[in-house]
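>>> Provided below for reference: sequence and predicted model.
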Amino acid sequence: ASRRQYLSTIILNCVKDYAERNRNKSTFNRILGVTDVDLYAPGLNFIFGEAELLGEAAIISLCRLRPEFYGKQPNRDLFTERAIKEAIHEIGHTLGLRHCPNPTCVMHFSLHIGMTDRKRREFCHGCRWKIERYLNPFRAPDFL
């Protein structure tokens, strides 16, 4: 890649292919690929991750989650927190969640790293409700 970035869909398809080849060897129903290369998608300069909506595969890139990428000192705790948030966000898409308008919800779309830092690693009430309905369609959520 001349721009030193990789098209996220290509890597996501590799993860999906891996899942397909190993379907009978494992009990997973979701798979998260983690890469250290910088990702982009058509129309976007970069992305932190990508997932299939209601699919089984997702990917995140660690590249732009490191403080060093922005000229800051390394900070393992901050890096780990960012990676956890992005992993939860992308797995949320595989559970049918779309981007949430609540800026503190983990499903909020991050245009830049500051937005990732601002959001929590938890789903808001509305997104939790949607996941509960997806996982248990015939039972009322406990937290209502």
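Done, it's in. Treat the numbers as computed from the prediction; the structure is a model and nothing was measured.
>>> please enumerate the helices of the protein.
Counting by DSSP state H, one finds helices in the chain at the ranges 8-21, 76-94, 113-118, 125-135.
>>> quick one: buried residues of the shortest one?
Along helix 113-118, the positions that meet the burial threshold by neighbour count (16 or more other CB atoms under 10 Å) are Ile113, Thr116. Every residue, glycine included, has its C-beta placed from N, CA and C.
>>> kindly report the same for the last one.
For helix 125-135, the neighbour count (16+ other CB under 10 Å) marks Cys127, Lys130, Ile131, Glu132 as buried.
>>> I'd like the distance between Asp117 and Arg82.
Distance of Asp117 to Arg82, computed by CB to CB, to the nearest Å: 7 Å.
>>> same question but for Thr104, I mixed them up
Counting by CB to CB, the gap from Thr104 to Arg82 is 15 Å.
>>> when the two are compared, which one has more neighbours?
Arg82 (23 against 11; other CB atoms under 10 Å).
>>> wait, Thr104 touches Cys124, no?
Yes. Contact criterion CB atoms under 8 Å: Thr104 and Cys124 qualify, at 7.1 Å.
>>> need the residues touching each of those two.
Residues touching both Thr104 and Cys124 (CB atoms under 8 Å, 6 or more residues apart in numbering): none.
>>> residue contacts, the residue nearest in space to the middle of the chain?
Nearest residue to the geometric centre of the chain (CA atoms, centre = their mean): Glu90, 2.3 Å. Applying CB under 8 Å, 6+ apart to Glu90 gives the contacts Leu32, Gly49, Glu50, Ala51, Ala58, Ile59, Ile60.
>>> could you flag which of those residues are buried?
Buried members of the contacts of Glu90, counted by 16+ other CB under 10 Å: Leu32, Gly49, Glu50, Ala51, Ala58, Ile59, Ile60.
>>> could those be laid out in TSV, adding pLDDT and distance to Pro137?
Shown next, in TSV, are these (pLDDT from 0 to 100; distance: CB to CB, whole Å):
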residue	pLDDT	distance to Pro137
Leu32	97	24
Gly49	98	27
Glu50	98	26
Ala51	98	21
Ala58	98	22
Ile59	99	27
Ile60	99	28
